[in-house]
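# Turn this into a structure:
(4 chains)
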There are 2 protein chains.
Amino acid sequence: MSNSLTEENYLKALFNIASKTGEVNVAELSKSLDIKMPTVTSMMKKLAKKKLVHYESYKPLRLTEKGKKEAGLIIRKHRLTEMFLVDKMKMGWEDVHDIAEQIEHIQSPVFFEKMDEMLDYPKVDPHGSPIPDTKGKVVWKDYNKLSDCKAGETVKLAAVINTSSEFLKFLNNREMHLGLKIKIKSIEPFDKSIEVSYGKRPAEILSNVACERLLVEKVG
Amino acid sequence: MSNSLTEENYLKALFNIASKTGEVNVAELSKSLDIKMPTVTSMMKKLAKKKLVHYESYKPLRLTEKGKKEAGLIIRKHRLTEMFLVDKMKMGWEDVHDIAEQIEHIQSPVFFEKMDEMLDYPKVDPHGSPIPDTKGKVVWKDYNKLSDCKAGETVKLAAVINTSSEFLKFLNNREMHLGLKIKIKSIEPFDKSIEVSYGKRPAEILSNVACERLLVEKVG
DNA sequence: GTATAAAGTTAGATTAATCTAACAAAATTT
DNA sequence: AAATTTTGTTAGATTAATCTAACTTTATAC
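Predicted structure coming up:
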């Protein structure tokens, strides 16, 4: 009935890639897991036997409902853990990913229920990603990329797309954190870099590469 | 340089068995891990190559200093985790073993340092077992078994030897916990069962089997 | 002190997860 | 539409961890 650590990693990767592009190619999955394509193919056949993925030769991969649910529950454990590490254990949001990557495989409903309770049932993780519910279901709010906003708008930082520690340290260095109110002063047409102001910082330039990784909400 | 999860489990078992009897037989280890003897033999050769155990055909097994240290550090993680689960996550001492068994394999020095700090550097786990130091060294205080005490003595419950949830629930049902002061009223010569009183309980009979699993300190 | 039992080892098979090499299908380019 | 590139599959080898069956060594019993 239950899945190996390896299988869990494939499910999670399928879920994460699919959330962006809908379907998943063997090559994408192979690249994302850093595992060669033949290995991926054979694992897909195995997961298909367990009714976790729909697999047909040369067709894109899709998680079954069962697969989506199991993947969602693993991601739930991952994101709850990240929240726990930041909120209760006082770690930085740039330091929690690798630990959560390990703890997400812990088999113990009680452990994660306690976490959830201690955190008072959080809806998002420290990077603004939604925490799937106890059925594995997850819904993203429809945020905008900062790179798609217009000059003059004021927005609130809601989530970060890339959670690499390099990017998060980049944000730390600029005192940027979730909930921050950002005013868009101007957009440079040449390279789409954006001049913003926020907090005590009257003028700061953010590259388009950075702005594409920042999700924001409009502020009234 | 680092060890697989499987290797960690062998090291831990070697450490735990050796702490009682000094040396370890293949048969004991095999039984304790529920793994057949030939498998154990081949793993011992592997660990010998890594300089973690002294292995010679047909001789008892012994951990090397390196092996003791690595095993001690795993047990440190296990016991810190148990303490964290009981103290910070409010779980019962009968429920933490299986979770700690998984979390002890997490590779993240920071994670366990934070735990240690949050717990204010505890010396023992929730069952009274000493937590190895950051070098993997561990020393047991010289407690006595309750079964070796004499009538008339008053003692303090310091540790439990068996940490099966059955035994711990047995103690819960009798409101027995670490630190409890117990007065030995009499010892039945026939079966060595002991009549004790403690807390609000004026008279309680404990079997010899139970008393052999309870470690106590003399009270002045 | 031989016989039996227990403990330990060797040899060879199995399973999960991975790989490389070679081939096949689909997509892209020209 | 033919050639090339990219993507995906098949076949077969490898490694870690396990097993069973058969054999050997050590310990125990009589």
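# where are the low-confidence patches of chain A?
Residues of chain A meeting the criterion pLDDT under 70: A:1.
# Select the longest helix from it.
Longest helix of chain A, by residue count under DSSP state H: helix A:65-87.
# Say whether DNA strand C is contacted by it.
No. Helix A:65-87 lies out of reach of DNA strand C by CB under 7 Å from any atom of the strand, never closer than 14.3 Å. For the C-beta atoms, the positions are set from N, CA and C on the backbone; glycine is no exception.
# Burial check on A:Thr21, number of neighbours?
Close neighbours of A:Thr21, defined as other CB atoms under 10 Å in any protein chain shown, add up to 10.
# Leaving out sequence neighbours, find the closest residue to it.
A:Glu28 (7.8 Å; CB to CB, 6 or more residues apart in numbering or on different chains).
# any residues touching the helix or strand that the longest helix of chain A is followed by, and which ones?
Downstream of helix A:65-87, the next assigned helix or strand under DSSP states H and E is helix A:97-103. By CB atoms under 8 Å, 6 or more residues apart in numbering or on different chains, the surrounding residues in contact with helix A:97-103 are A:77-79, A:81-82, A:85, A:91, A:163, A:165, B:103, B:106-108, B:110-111.
# Just the buried ones out of the residues you listed, please.
Buried members of the contacts of helix A:97-103, counted by 16 or more other CB atoms under 10 Å in any protein chain shown: A:77-79, A:81-82, A:85, A:91, A:163, B:103, B:106, B:108, B:111.
# now, the most widely separated pair of these?
The two members of the buried ones among the contacts of helix A:97-103 with the most space between them (CB to CB) are A:Thr163 and B:Ile103, at 22.6 Å.
# one step back: give me the buried positions along the longest helix of chain A.
A:67-86.
# which strands and helices sit next to that helix?
Using 3 or more CB pairs under 8 Å, 6 or more residues apart in numbering or on different chains; DSSP states H and E, the elements in contact with helix A:65-87 are helix A:5-21, helix A:97-103, helix A:109-118.
# any chance of the ones you listed in TSV, plus distance to A:Leu47?
TSV is the format used below for those (distance: least, CB to CB, whole Å):
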stretch	distance to A:Leu47
helix A:5-21	7
helix A:97-103	20
helix A:109-118	23
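# And these: which comes nearest DNA strand D?
Across the helices and strands packed on helix A:65-87, DNA strand D has its closest neighbour in helix A:5-21 (11.7 Å, CB to the nearest atom of the strand).
# quick one: the helix or strand that that closest one is followed by near DNA strand D?
Reading on from helix A:5-21 to the C-terminus, the next helix or strand found by DSSP H and E is helix A:26-33. Yes. Counting by CB under 7 Å from any atom of the strand, DNA strand D has neighbours in helix A:26-33: A:26-28, A:30.
# still on that earlier bit, and the residue nearest to A:Thr21, how far from B:Ser197?
Here A:Glu28 is placed at a distance of 69 Å from B:Ser197 (CB to CB, to the nearest Å).
# got the CA coordinates for stretch A:58-75 in PDB?
Extracted C-alpha coordinates of stretch A:58-75, given in PDB (Å, rounded to 0.1, in the frame of the first residue of the first chain):
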ATOM      1  CA  TYR A  58       5.600   8.000 -26.100                       C
ATOM      2  CA  LYS A  59       2.700  10.000 -24.500                       C
ATOM      3  CA  PRO A  60       3.100  12.600 -21.800                       C
ATOM      4  CA  LEU A  61       2.800  11.500 -18.200                       C
ATOM      5  CA  ARG A  62      -0.100  12.400 -16.000                       C
ATOM      6  CA  LEU A  63      -0.700  11.600 -12.300                       C
ATOM      7  CA  THR A  64      -3.900   9.700 -11.500                       C
ATOM      8  CA  GLU A  65      -6.300  11.200  -8.900                       C
ATOM      9  CA  LYS A  66      -4.700   8.700  -6.500                       C
ATOM     10  CA  GLY A  67      -1.300   9.900  -7.500                       C
ATOM     11  CA  LYS A  68      -2.200  13.500  -7.100                       C
ATOM     12  CA  LYS A  69      -3.600  12.900  -3.700                       C
ATOM     13  CA  GLU A  70      -0.500  11.000  -2.500                       C
ATOM     14  CA  ALA A  71       1.800  13.600  -4.000                       C
ATOM     15  CA  GLY A  72      -0.200  16.400  -2.400                       C
ATOM     16  CA  LEU A  73       0.100  14.800   1.000                       C
ATOM     17  CA  ILE A  74       3.900  14.600   0.700                       C
ATOM     18  CA  ILE A  75       4.000  18.200  -0.300                       C
END
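# Figure out how far that stretch is from the centre of its chain.
Centre-to-centre, stretch A:58-75 and its host chain are 16 Å apart (CA atoms, centre = their mean, to the nearest Å).
# Next to DNA strand C, which bits of chain A? Give me the list.
A:4-7, A:34-36, A:38-39, A:42-43, A:46, A:58.
# now with 6 Å?
A:4, A:6-7, A:35-36, A:38-39, A:42-43, A:58 (CB under 6 Å from any atom of the strand).
# Quick check on the residue nearest the centre of chain A: phi, psi?
Nearest to the mean C-alpha position of chain A, by CA atoms, centre = their mean, lies A:Ser129 at 5.3 Å. In this entry, A:Ser129 is assigned phi and psi values of phi -80, psi 140 (degrees, to the nearest 10).
# Could I get the contacting residues of it?
The neighbours of A:Ser129, taking CB under 8 Å, 6+ apart as the test, are A:79, A:159.
# Try it again at 6 Å.
Contact partners of A:Ser129, counting by CB atoms under 6 Å, 6 or more residues apart in numbering or on different chains, are absent.
# What separation do you get for it and A:Leu168?
13 Å.
# Kindly report the same for A:His54.
In terms of CB to CB, A:His54 sits 35 Å off from A:Leu168.
# of the two, who's got more company?
More crowded of A:His54 and A:Leu168, by other CB under 10 Å: A:Leu168, with 22 against 16.
# Would you check that that one makes contact with A:Glu94?
Yes. Counting by CB atoms under 6 Å, A:Leu168 does reach A:Glu94; the two are 3.6 Å apart.
# What residues sit buried inside stretch A:184-197?
For stretch A:184-197, the neighbour count (16+ other CB under 10 Å) marks A:184, A:187, A:193-194, A:196 as buried.
# ok, now stretch A:133-147?
A:136, A:138, A:143, A:146-147.
# And stretch A:90-110, by the same measure?
Residues of stretch A:90-110 classed as buried: A:91, A:93-97, A:99-100, A:102-106, A:108 (neighbour count, 16+ other CB under 10 Å).
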